[in-house]
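Novice: With the input below, show me the fold.
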Amino acid sequence: MTRYILRRSLEMLATLIVASFLVFVVCEFSPGNVARKTLGAFALQEQVDLLYKKLHLNDPLLVRYVRWVGVLTGLQADPLQDPALGLDFKDPRGKQYFGNFGYSTLFKAPVNDVLWDRLGKTALLAGLAFAVIVPLSLILGVLAGMRAGSVLDRSLSTLSIVMTSIPEFALGVLLVAVFVVALGWLPGTSPMVGNTGWSTASQLVLPVAVLAIYDSGYVARMVRTSMAEVMQKPYVRTAVLKGLPRRQVILRHALRNAMIAPFTVLLLQINWLISGVVVTELVFAYPGFGRMLLEASLFGDVSLIEAATLVALFVATATQLLSDVGYRLLDPQARR
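Specialist: Coordinates of the predicted model:
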């Protein structure tokens, strides 16, 4: 298992390196001068020309990529903090450190100050939503799968399809209409500040509810399919014929094997909850990672786009690694 984890980790590192190069190429060859995109639309032409020379943008692409990686890994100083540019870009961590993603022209602050704050808020939202999605989808899926074809199965399957079919923005508007406009129980936005008259917990209720309802239906369908398939296996039928209580058959013989396939699906939801919940964050004005990435893309903040994309790629590859390891732990055949 150790060798497998090491090999998969090296593959993940290689994937990140290739992906970082592709991200760099896309940002470099997107419309507009790289120096102008870095400094923003209102920078003086003299500053743009000076930065163009400072970044050596006439060099070959591969050379510029290696230089960018050097700044990112702390092997080179950040050229944007050069006093000769007169940009007044200062990072409290210094000019040279590991993980230097540069300066955000949109937020007028170092990328790290913006990125990790927004990522932390999205991680809070994703963690709460995941804590609801897992038990809810497992309960719905197991109940439907253990009685495949029954009225209960058809009812829960229909409910799961309805939950998944409602778009996030429509579900958000519906919940706001009920719990904000009609009942007045919850706030309509979630800016995560304390001067709104609502507690932080109350501001999280509606965004978490939207994510949980939308995603639980999809995961429940995966669990239901796996559970229904396992219930038809010979070893389950043998356990029933032996006279074992149905509860014992489900918990000891069917449930563990039924969770092998949905385990990967569950872990992949982490990637979606981190970088794919832009709509929910926009509906509730939540200051999260996905909303930040959208705003950076619309503004053309190259440094922030590159940093956010790399973080999203790392989350995606890391969750894939965890799902592969978990799959091998659950399934002895995969280990062999």
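
Novice: List the contacts of stretch 24-37.
Specialist: Outside stretch 24-37, the residues that touch it by CB atoms under 8 Å, 6 or more residues apart in numbering are 43, 48-49, 51-52, 55, 57, 61, 64-65, 68, 300, 302, 305-306. Placement of C-beta: from N, CA and C, glycine included.

Novice: and if we set it to 7 Å?
Specialist: 43, 48, 51-52, 55, 57, 61, 65, 68, 300, 302, 305-306 (CB atoms under 7 Å, 6 or more residues apart in numbering).

Novice: and it, how far out from the chain's middle?
Specialist: Put simply, stretch 24-37 sits 25 Å off its chain's centre (CA atoms, centre = their mean, to the nearest Å).

Novice: now do stretch 227-240
Specialist: For stretch 227-240, the distance to the chain centre is 36 Å (CA atoms, centre = their mean).

Novice: Now do the buried residues in it.
Specialist: By neighbour count on 16 or more other CB atoms under 10 Å, the buried set for stretch 227-240 is 227-228, 230-231, 236, 239.

Novice: again, but for stretch 141-155
Specialist: Buried, per 16+ other CB under 10 Å, within stretch 141-155: 141-148, 153.

Novice: end to end, how far does it reach?
Specialist: Chord length of stretch 141-155, first to last residue, is 11 Å (CA to CA, to the nearest Å).

Novice: Residues touching it, excluding its own?
Specialist: Contacts of stretch 141-155 (CB under 7 Å, 6+ apart): 156-157, 220, 222-224, 226-228, 231, 250, 255, 258.

Novice: Please repeat the previous calculation with a cut-off of 6 Å.
Specialist: 156-157, 220, 223-224, 227-228, 231, 250 (CB atoms under 6 Å, 6 or more residues apart in numbering).

Novice: State the pair within the residues you listed that is farthest apart.
Specialist: Farthest-apart pair in the contacts of stretch 141-155 is Ser157 and Ile250; separation 18.4 Å (CB to CB).

Novice: Next one, pLDDT for Ala296 please.
Specialist: Confidence at Ala296, expressed as pLDDT, is 88.

Novice: what does Gly40 give?
Specialist: For Gly40, the predicted pLDDT is 66.

Novice: With the one 10 residues further on instead?
Specialist: Leu50 is assigned a pLDDT of 78 by the prediction.

Novice: how much space between it and Leu57?
Specialist: Distance of Leu50 to Leu57, computed by CB to CB, to the nearest Å: 12 Å.

Novice: Between the two, point out the one with more neighbours.
Specialist: Neighbours per residue (other CB atoms under 10 Å) separate Leu50 from Leu57, with Leu50 holding more: 18 against 13.

Novice: For that one, pull up the helix or strand it's in.
Specialist: helix 45-54 (DSSP states H and E).

Novice: any chance you could map the helices in the stretch 1-150 of the chain?
Specialist: Applying DSSP state H, counting those that start in this stretch to the stretch 1-150 of the chain gives helices spanning 2-29, 34-39, 45-54, 61-73, 111-145.

Novice: Any idea which of the ones you listed gets closest to Gly276?
Specialist: Using CB to CB, the helices of the stretch 1-150 of the chain put helix 111-145 closest to Gly276, at 9.9 Å.

Novice: Now do the buried residues in the closest one.
Specialist: Buried residues in helix 111-145, counted by 16+ other CB under 10 Å: 111-112, 114-116, 118-119, 121-123, 125-126, 128-130, 132-134, 136-138, 140-145.
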